[in-house]
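Peer 1: My questions are about this predicted structure, shown below with the sequence.
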Amino acid sequence: MRTTLLAVLAFTTLACGPARRGPPFGAPRQFTEQEQEGRVLFMRHCNQCHPGGAAGLGPAINNKPLPSVAMRTQIRHGVGAMPAFTDEMLDDAQVDAIVAFLNDLQEAKD
Ligand code: HEC
């Protein structure tokens, strides 16, 4: 009886592995609610030219600390091949969310 119990205990311990583990390799980043919204908007409006923030048709925007005001101006007015995003396309809160997401991406690159 006692050995059976020990055997069961040993089995469950081995089968389930240690109770505590480190975070899984490549754990998803923790975004604030605003950054998460920005990420969704970025995927919808920006990702085709800046895939994952890296260079595509547009230059990489995740590898250098761009001032928030510069990103806002770029989004609102566009430069060169980059289209301008008007109020109807993205309201101010949405632009702020995208900028927050990009700031987080740029910090993560350091
Ligand atoms: C149609 C393609 C296209 C889309 C869509 C696009 N971009 Fe761009 N983006 C570009 C190009 C091209 C440039 C380079 C413009 C130049 O300097 O001539 C650029 C430049 C930028 C820069 C400046 C990079 C630097 O090094 O100074 C930022 C920031 C940026 N884009 C953010 C965004 C964001 C945010 C969105 C979505 C709201 C977006 N872009 C959507 C093509 C695009």
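Peer 2: On my side now, so go ahead.

Peer 1: Pull out the buried positions in the lengthiest helix in the chain.
Peer 2: Counting residues, the longest helix found in the chain (DSSP state H) is helix 92-109. Residues of helix 92-109 classed as buried: 94-106 (neighbour count, 16 or more other CB atoms under 10 Å). Any C-beta I mention is one placed from the backbone N, CA and C, and that applies to glycine too.

Peer 1: Please identify which pair of the residues you listed lies farthest apart.
Peer 2: 94 and 106 (18.8 Å; CB to CB).

Peer 1: Return the residues of the protein in contact with the ligand.
Peer 2: 45-46, 48-50, 57-59, 61, 66, 71, 74-75, 79-83, 85, 98 (CB under 6 Å from any ligand atom).

Peer 1: How many neighbouring residues does residue 61 have?
Peer 2: Counted with other CB atoms under 10 Å, residues neighbouring residue 61 total 19.

Peer 1: Make sure it is actually in contact with residue 102.
Peer 2: Yes: between residue 61 and residue 102 a contact is recorded at 6.2 Å, counting by CB atoms under 8 Å.

Peer 1: what is in contact with the two at once?
Peer 2: 53, 71 (CB atoms under 8 Å, 6 or more residues apart in numbering).

Peer 1: Fine by me, we can end here.
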